[in-house]
Every structure is written in C-alpha cells, then in structure tokens.
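Enquirer: What follows is a protein structure lacking sequence information:
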Ligand SMILES: Cc1cc2nc3c(=O)[nH]c(=O)nc-3n(C[C@H](O)[C@H](O)[C@H](O)COP(=O)(O)OP(=O)(O)OC[C@H]3O[C@@H](n4cnc5c(N)ncnc54)[C@H](O)[C@@H]3O)c2cc1C
Ligand SMILES: NC(=O)c1ccc[n+]([C@@H]2O[C@H](COP(=O)([O-])OP(=O)(O)OC[C@H]3O[C@@H](n4cnc5c(N)ncnc54)[C@H](O)[C@@H]3O)[C@@H](O)[C@H]2O)c1
C-alpha cells in the first residue's frame, strides 16, 4: 500500500485538512472493460450520516399490468384536437432544452415533471458534481507545494469546511433549478406536476388523477437512475451511489470506487485519488497519459483481472466487505474491507410506468428504441407517429448537452425542418484535474472505419509544453491529438488531456459539426498567448495532401 498527500475535508473551516491518503485500485480486464477502483482518504475522524434519497423512490413505482389493454382500447384512437402542440414528459436538461426551443418556434408547450425541475444534471449530476470538483481543483493547487514554489507563492496549510463544501454544491443546484424553472415560466411553458403516463396516441395522464392532456407531438425525456449490479447492496450510508455521494455528508477513511467511467473518475478526483488503467471510450493514448499524470504520482494501488461479486454494507461494527472473484475463472480471489463503497457502474434508463405498452413499444434493456431522428420505434419496427424520445432514456449518448441537442433537433423536425443531429460532433469532457475532453472517433475506431471504407488515417499531436499560456500557469502537462483523413482534411476525432481541455474541445466539435476541413481551419487566427493555440498548433501540424478535393464523408446516423 502506498500513500500520498491528498485533499480531505475537515468539519471546521479553520482546521487544516492536508492529510495522508491511501488508494487501492483494481481493475478488471474483461471484454466489457469492467473496472473497479478503490481510493482511500484519511481525513480527521469524521462521522457523517448519508441519507438515502434515491430519485427513483420518489417517483411512483411501475404499475405494470394494470388494465393496460383496457386503457389501450379506451384511448387507442388519436384525439381530434389538442391541448398543446408539444408535451414533454420529464423536465431535466433534455426536456428543458426542447421546451425553450419549442416556445421560440411558436409552439404551445407543456412539460410534465414527476419530481423536481432540472432532473439528474441539475439536482444529482453535472451541477453539484462540478461544484465539488471546483473545490477539489483549488485544494489540489493549494496543496501542491512544488507548483506553488515554482510560481514563487507561499501558502500556509489549506483547509476545508466539509459542510461549506457540501452547501456550495447544494446551493448551486438550487440556483440552477430556479433558473431553469423561471426561464420556462417566463416563456409561457406550462409546468404540469405529476408522473406522466402515456395512455394512447397523443394522450398522457398526469399523476394519479383523472387529468388527461392531449398534444400533437410528445417527447419522452424521462432520463436515468444509477445502475447497481446484482450482488451489490446499496444502503445509502456505507454503500452509496452518486445520488448520495453528491451531498458529501460522509467522508470515509477508505472508499472503494466501483467503476472507472465518468462518475468513477470525477469522484476519485473529489475524494483525492484519480484514474484507472481502463478508461472505456477514451482514446488509448490519452488514457495512458491520464494514467501517468493522474494515477501514478498519486500512488494509487490497483489490482487487475478481478470482479466484485458481492458488496455488503457496514453493519454491527463490521466494515463494508467486497468479495472479489477472478474475472476469467470466477474463482474467489480476495475480500477487501473498506469504510464505504461508491457504486459508479453506469446509469439505467428511467422508463418504468410510462405506459409504453399502451402504444406497443417494447424497451431494450429499459431504453426506448428510436431512430436517428429520435422517433420512437414500436415492437414491429414501425415509427410511432408524433412520439419522440430524447436524452438518457434513449441511451444514445448519456450527456446533458446531448439530451438538450436531441430535444432541439426534435423541435426542428416537428416545426417543419428536417434535422439529424450528428452525434460524432457532440463533445464530451471529464472534469478531472487536469481535464480530459474528446469529440468524434478514437484512433482505433478511426482506423477500423478507414479500413472498412478504404481511406487512410493520419494522426497529429501537440503538447501543452510548447504552449506559452500553459507554461505561464506552470501547467505544461498535456497532450492534444488529432485524428484525420490526409486525403481530404476531414477531422475524425480530437482528444485533449490538459488544462481547460473541456473548454478547448469546442473549436474541434464545431468544426466537425460544420464540416470544416483542416486546410481551412488551420488558417484561422488565435489570440496569443492562449491555450487555444494548442489546437492552432495541432491543426497546423496536420499534413493534408495538396489536392484535397474529396468531399468529407456524411455523418453516420447514431
Ligand atoms: C454524478 C453525475 C454527473 C454528471 N455530470 C455530467 C456532466 O458534467 N456533463 C454532462 O453532459 N452530463 C453529466 N451527467 C449526465 C447528465 O446528468 C445526464 O446525461 C442528463 O441529466 C440527462 O438528461 P435527461 O433530460 O435525459 O434526463 P434527466 O436529467 O434524468 O431528467 C429526467 C426528468 O424526468 C423526470 N421523470 C421521469 N419519469 C417521469 C414521468 N413518467 N413523468 C414525469 N416526469 C418524469 C425525472 O424526475 C427527471 O426530472 C452526469 C450524471 C451524473 C449522475
Ligand atoms: N463529465 C461528464 O460528462 C459526466 C460525468 C458523470 C457522468 N456522466 C454520464 O453519466 C453516465 C453514467 O456514468 P458512470 O461513470 O456511472 O458510467 P460509465 O458508463 O461512464 O462507466 C461505468 C463503469 O463501470 C464499469 N462497470 C459496469 N458494471 C460493473 C460491475 N459490475 N463491476 C465493476 N465495474 C462495472 C464499466 O466498465 C465502466 O468502467 C455516463 O454515461 C456518463 O455519460 C457524464
């Protein structure tokens, strides 16, 4: 077991909170890239109680077999006139984005919400997690003596007020939730409170009352909830999901983080340990660099080739136990004891109780099947007229801005303009320190596509070490990578690891969305000295063939 300096949270703002931490990480090398990571904190003795507040429990449970066929026959024919032009079920970021755009397009719009406005992103996702990460970032800086000294700075011990940090996240979520609610109210969107259930074509029941609303077009935007694999018992106190962790009511000495996707990585950052060997969906080269910068210097121990077959919460004075089995042989391998475990193993669509059976729609692992225009597909493979599904509930891309963009795309279609969102132009970012961002294909994906479609793939790279602004900040660790077609200058993918990578990616994502080629974008001018020159350098270093006249390929519908 190795140890390292890490951030921690103390109960009083005056207390210094630089402490030793231990991290154990183990990852699983299976075809599905299953991965477990453990990070430990050694803060001052703190005992906080996390309360269980799973969003799914706040919504009515699935009234599965209740008089479904009766409802279908009673409500099976479409209404002749409508209460609304557009009805959106679910007021998360996807629903909100769609609602605002619908009003702009002159549609009479209503949104149904069964819990609180803002959904996952605002209340249990992007917003509070980024508030915690902002604190984590500052704390890292203040604790990094070497970094501070090299800038000529002297700072005495840094400390945290745990409740203050938690309040920052809670208050930010509240503020953004109010902003979202007010923006819809101000524009005349009707916010209907209650659980929406589809009764038949263009017909939705609100809550358990007899209130039935009709709409010409309906968008399902019901989002997702944490996915907890079988064998793992969540008690909301010692075995938790991100819903609980975001409240920061509890900072355990030793926490196991199960899953190395976005949530695992970001919470590792908050809890001080970061990184994983396996980072699914990331370009392998960026993954390696992240490992070198985010994991190795932080002394994270890890085990590979294992799988957590059972996790039992702490009880009767006993710690959380994690039973590990060999990923291949399934033989018992080890049992770990920790103070808490954060389950970050993905998200499951929240589509229960929606009444999809009333319109003959069968979900796929809970996701609503849609085509590239977000039109819902029924059990016979036919499009359900006037019904769309956006965001986490369709599983195409579980990101807040993707949900919103899909909503806008649907509104474009229902108001007469055909529109297909190019998901390969949608950027993604992981808000670790430093950040990781990406758009388009990874190098292996691009090479596979090139082989199939018969085009050459080239790669260009630039380092943050050559960037004046990054060096002025003493943050030269970083890499930007461009994957492109040398025959026509098409940008296939861009991956960035480094300071403000999440902001830098947009030049590339906009270029992909607009079909801008490298030979054109490399002539664009960037202010000096800025981090954006990392991308300027990147595009300039690409070698596009002189006669690059082959058109860029059409986006593949996702
Ligand atoms: C910890 C965490 C951090 C994240 N960070 C980021 C990030 O930094 N960037 C990013 O892009 N994404 C992030 N995400 C993902 C992002 O939160 C989701 O992709 C996004 O919230 C999906 O939006 P949505 O509108 O599809 O669904 P949701 O935001 O889940 O909203 C769905 C809404 O529908 C309501 N609802 C459900 N069923 C019904 C019904 N039948 N009737 C009425 N209402 C209903 C729910 O109550 C909810 O309010 C994060 C997620 C988590 C968990
Ligand atoms: N910055 C962001 O944009 C951001 C931040 C947080 C979450 N999100 C979104 O929220 C969604 C959920 O995030 P997430 O990190 O939970 O999911 P994820 O899909 O990104 O990662 C889940 C991880 O858990 C692993 N896993 C799955 N089952 C497992 C098991 N039984 N045992 C061990 N490991 C297992 C997977 O291999 C993967 O590494 C993501 O789709 C992501 O898009 C985005």
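Expert: Structure's in. What do you need? All of these numbers come straight from a predicted model, not from anything done at the bench. Ligands and ions are numbered 1, 2, ... in the order given.

Enquirer: so residue 285 makes contact with residue 436?
Expert: No - with contact defined as CB atoms under 8 Å, residue 285 does not reach residue 436; the gap is 11.6 Å. Using the backbone N, CA and C atoms, a C-beta is placed for each residue, glycine as well.

Enquirer: Identify the contacts common to those two.
Expert: residue 495 (CB atoms under 8 Å, 6 or more residues apart in numbering).

Enquirer: Can you show me the helices along the stretch 201-350 of the chain?
Expert: With DSSP state H, counting those that start in this stretch as the criterion, the stretch 201-350 of the chain has helices at 242-245, 262-271, 284-290.

Enquirer: Kindly compare burial across these and name the winner.
Expert: helix 262-271 (a mean of 26; mean count of other CB atoms under 10 Å).

Enquirer: Can you give the distance from it to the centre of its chain?
Expert: 12 Å (CA atoms, centre = their mean, to the nearest Å).

Enquirer: hmm, that helix in reach of ligand 1?
Expert: Yes - judged by CB under 6 Å from any ligand atom, helix 262-271 comes into contact with ligand 1 at residue 263.

Enquirer: element containing residue 480, please.
Expert: Following DSSP states H and E, one finds residue 480 within strand 479-484.

Enquirer: what pairs with the next helix or strand after that strand, and is each one parallel or antiparallel?
Expert: Using DSSP H and E, the next helix or strand after strand 479-484 towards the C-terminus is strand 491-498. Counting by DSSP bridges, the strands paired with strand 491-498 are strand 435-440 (antiparallel), strand 479-484 (antiparallel).

Enquirer: List just the one of these that sits closest to ligand 2.
Expert: Checking the strands paired with strand 491-498 against ligand 2 by CB to the nearest ligand atom gives strand 435-440 as the closest, at 9.1 Å.

Enquirer: Regarding residue 141, what is its secondary structure?
Expert: helix (DSSP: H, G, I helix; E, B strand; the rest coil).

Enquirer: and stretch 159-169, which residues are buried?
Expert: For stretch 159-169, burial by neighbour count (16 or more other CB atoms under 10 Å) applies to 159-163, 165-166, 168-169.

Enquirer: Please apply the same query to stretch 143-153.
Expert: Buried-residue list, stretch 143-153, by 16+ other CB under 10 Å: 143-144.

Enquirer: rounded to a whole number, what's the mean pLDDT of it?
Expert: For stretch 143-153, mean pLDDT is 88.

Enquirer: Go ahead and measure how far it is from the middle of the chain.
Expert: That offset, for stretch 143-153, works out to 32 Å (CA atoms, centre = their mean).

Enquirer: For it, give the distance from the opening residue to the closing one.
Expert: End-to-end distance of stretch 143-153 (CA to CA, to the nearest Å): 12 Å.

Enquirer: and residue 92, how many neighbours?
Expert: 34 (other CB atoms under 10 Å).

Enquirer: correct me, but it touches residue 223?
Expert: Yes - with contact taken as CB under 8 Å, residue 92 and residue 223 are classed as touching, separated by 4.8 Å.

Enquirer: okay, and the common contacts of these two?
Expert: By CB under 8 Å, 6+ apart, the residues touching both residue 92 and residue 223 are 119-120, 391-392, 403.

Enquirer: Compare those residues and tell me which is most surrounded.
Expert: residue 391 leads the shared contacts of residue 92 and residue 223 on contacts (other CB under 10 Å) with 36 neighbours.

Enquirer: can you pull the contacts of it?
Expert: 90, 92-95, 221-223, 402-403, 406-407.

Enquirer: Kindly provide the distance from it to residue 98.
Expert: 9 Å (CB to CB, to the nearest Å).

Enquirer: same question, residue 346
Expert: Per CB to CB, residue 346 is found 24 Å from residue 98.

Enquirer: who's more crowded, these two?
Expert: Neighbour count, other CB under 10 Å: between residue 346 and residue 98, residue 98 has more, with 34 against 16.

Enquirer: and that one, what is it in contact with?
Expert: 86, 88, 219, 221, 390, 404, 407-408, 410-411.

Enquirer: 10 Å instead?
Expert: 86, 88, 90-91, 107, 109, 111, 189, 219, 221, 374, 388, 390-391, 403-411, 414 (CB atoms under 10 Å, 6 or more residues apart in numbering).

Enquirer: Give me the pLDDT for the nearest residue to residue 407 once chain neighbours are set aside.
Expert: Closest residue to residue 407 apart from its sequence neighbours, by CB to CB, 6 or more residues apart in numbering: residue 98 at 2.9 Å. For residue 98, the model assigns a pLDDT of 98.

Enquirer: Please compute how far whichever strand or helix holds residue 98 lies from its chain's middle.
Expert: According to DSSP H and E, residue 98 maps onto helix 93-104. Here helix 93-104 is found 20 Å from its chain centre; the criterion is CA atoms, centre = their mean.

Enquirer: what does stretch 104-121 give?
Expert: 20 Å.
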